[in-house]
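S.K.: Here is the input, now give the coordinates:
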Amino acid sequence: MTLDKTDLKIIEALKTNAKQTTSQISKKFNIPITTVHNRIKKLEKNGVIKTYSPVLDYHKLGKFIYAISNY
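M.R.: Numbers count the residues shown, from 1 in each chain. Below you'll find the predicted structure:
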C-alpha cells in the first residue's frame, strides 16, 4: 500500500489523539469528512492501523516499572 500526504496527515492526527472524530480531523486539514472516514477504514483494512490503545500513566495506577539493562 502506498501512502500519500493525506494518509500521513490522518495518521499523524490519530497518533496525537486517537479519540479525535473524523469531523475534527476533517476540519483540521480541510479534507472532506467522507474522505477522512474512507482513508481511516482503508488504513485499518490494510493493516497500517492495527489497533487503538490507551497510553497509561502507571504512577497514577500505583504501578511502578523499573528496567535494568546489562548493556
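
S.K.: Skipping adjacent residues, who's closest to Pro32 in space?
M.R.: Of all residues not flanking Pro32 in the chain, Ser26 sits nearest, at 6.5 Å (C-beta to C-beta, 6 or more residues apart in numbering). Yep, even glycine has a C-beta here, placed from its N, CA and C like the rest.

S.K.: Which strands and helices lie in contact with the helix or strand hosting the one you found?
M.R.: Assessed by DSSP states H and E, Ser26 sits inside helix 22-29. Applying 3 or more C-beta pairs under 8 Å, 6 or more residues apart in numbering; DSSP states H and E, one finds that helix 22-29 contacts helix 5-16, helix 33-45.

S.K.: And for stretch 35-46, what's in contact with it?
M.R.: The contact list for stretch 35-46 (C-beta atoms under 8 Å, 6 or more residues apart in numbering) reads Met1, Thr6, Asp7, Ile10, Ile11, Leu14, Thr22, Ile25, Ser26, Phe29, Ile49.
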